[in-house]
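Asks: Build the 3D model from these lines:
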Amino acid sequence: MKKTKDILIFIFALIVVSAIGYGIFLYFYAKKRYAESPVNKTELVSKSQSRKGLNSNLVAFLDNPIDLLDFKKKKGMHFTTGVTNGTKYYYQPRIKDSIFYVYNYPDFKKESIKIDQFVVFKHGKNKHNYKDKTEHLIEFRIFNPDADLGKANLYGLTKTELEAEFGTNYLTFDNRIAYSNKNKVLIIELNNSKVKSFRYIKLNTEIVNQDLIRQIVE
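Replies: Down below sits the predicted model:
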């Protein structure tokens, strides 16, 4: 009886040891296979390149491309305004009693027949005040050279100069390139490798691809 009991204990111990050993084997095998997986390596390299490839000048520019209050001060009263419905891809803060306003700035030097435009999100008691300090810049479209734009005076720059300033991490399509970071995008139209016009927009999405850019520029 005792001998049978000892045999059973031995068999049970053997099963337990074997199970533990097999579990350890599976753990290290799975870990090895995961490390060797080409898919995982691709994903890691892609994410690493994405972080390293984003130019710091570009990030700073997209976060704050222009001092709008200073720009409006320089322009004085040479502008017209209007209310716009905006677009479905505009970033829109969830604030009641709000509207989209558009400021139109003509080019008196007649570089282009098109008028530069700024779209802002305004709300509250100052929403009809040109000097409103609470408005949010949503978009600007520039067709003319203008020193009042400061660092946003990109008109006429070459593609090489753009790449030196903002890097080469951009989408390319037709005669345009598009830089982006999070929900902000800079779409640049080129003519003979020089900036002909450009457009800055705050979007309601961080998924920026060629389909969205084409939708915007159509």
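Asks: Next one: the spatially most central residue of the chain from Phe166, what distance?
Replies: Closest residue to the average C-alpha location of the chain: Asn181 at 2.4 Å, with CA atoms, centre = their mean. Here Asn181 is placed at a distance of 10 Å from Phe166 (CB to CB, to the nearest Å). For glycine as for every other residue, the C-beta is placed from the backbone atoms N, C-alpha and C.
Asks: so what sits against both of these two?
Replies: Leu58 (CB atoms under 8 Å, 6 or more residues apart in numbering).
Asks: Just the helices from the chain, written as ranges.
Replies: 2-36, 38-53, 56-63, 68-75, 159-166, 210-217 (DSSP state H).
Asks: Any idea which helix or strand in this structure has the lowest mean pLDDT?
Replies: None of the helices or strands of the chain scores lower by mean pLDDT, DSSP states H and E than helix 38-53, at a mean of 37.
Asks: Lys202 contacts Tyr90, correct?
Replies: Yes. Judged on CB atoms under 8 Å, Lys202 makes contact with Tyr90 at a distance of 7.2 Å.
Asks: Need the overlap of contacts for these two.
Replies: In terms of CB under 8 Å, 6+ apart, Lys202 and Tyr90 are both contacted by the residues Ile138, Glu139.
Asks: low-scoring pLDDT stretches of the protein, where are they?
Replies: The chain contains residues with pLDDT under 70 at 1-53, 110-111.
Asks: Quote the end-to-end distance of stretch 176-187.
Replies: Separation of the first and last residues of stretch 176-187 by CA to CA, to the nearest Å is 7 Å.
Asks: Flag every buried residue along that stretch.
Replies: Burial within stretch 176-187, assessed by neighbour count using 16 or more other CB atoms under 10 Å, is assigned to Arg176, Ile177, Ala178, Tyr179, Ser180, Asn181, Asn183, Lys184, Val185, Leu186, Ile187.
Asks: One more: stretch 93-104?
Replies: Within stretch 93-104, the residues that count as buried by 16+ other CB under 10 Å are Phe100, Tyr101, Val102, Tyr103.
Asks: Just the CA trace of it, in PDB.
Replies: Taking Å, rounded to 0.1, in the frame of the first residue of the first chain, the C-alpha atoms of stretch 93-104 are listed here in PDB:
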ATOM      1  CA  PRO A  93     -14.400  74.400 -29.500                       C
ATOM      2  CA  ARG A  94     -17.600  73.300 -27.700                       C
ATOM      3  CA  ILE A  95     -18.600  76.800 -26.700                       C
ATOM      4  CA  LYS A  96     -22.100  78.200 -26.900                       C
ATOM      5  CA  ASP A  97     -22.900  81.600 -28.400                       C
ATOM      6  CA  SER A  98     -20.100  81.300 -31.000                       C
ATOM      7  CA  ILE A  99     -19.500  82.000 -34.700                       C
ATOM      8  CA  PHE A 100     -16.800  81.700 -37.300                       C
ATOM      9  CA  TYR A 101     -15.600  85.100 -38.600                       C
ATOM     10  CA  VAL A 102     -13.500  85.700 -41.700                       C
ATOM     11  CA  TYR A 103     -11.100  88.600 -42.100                       C
ATOM     12  CA  ASN A 104     -10.200  89.600 -45.700                       C
END
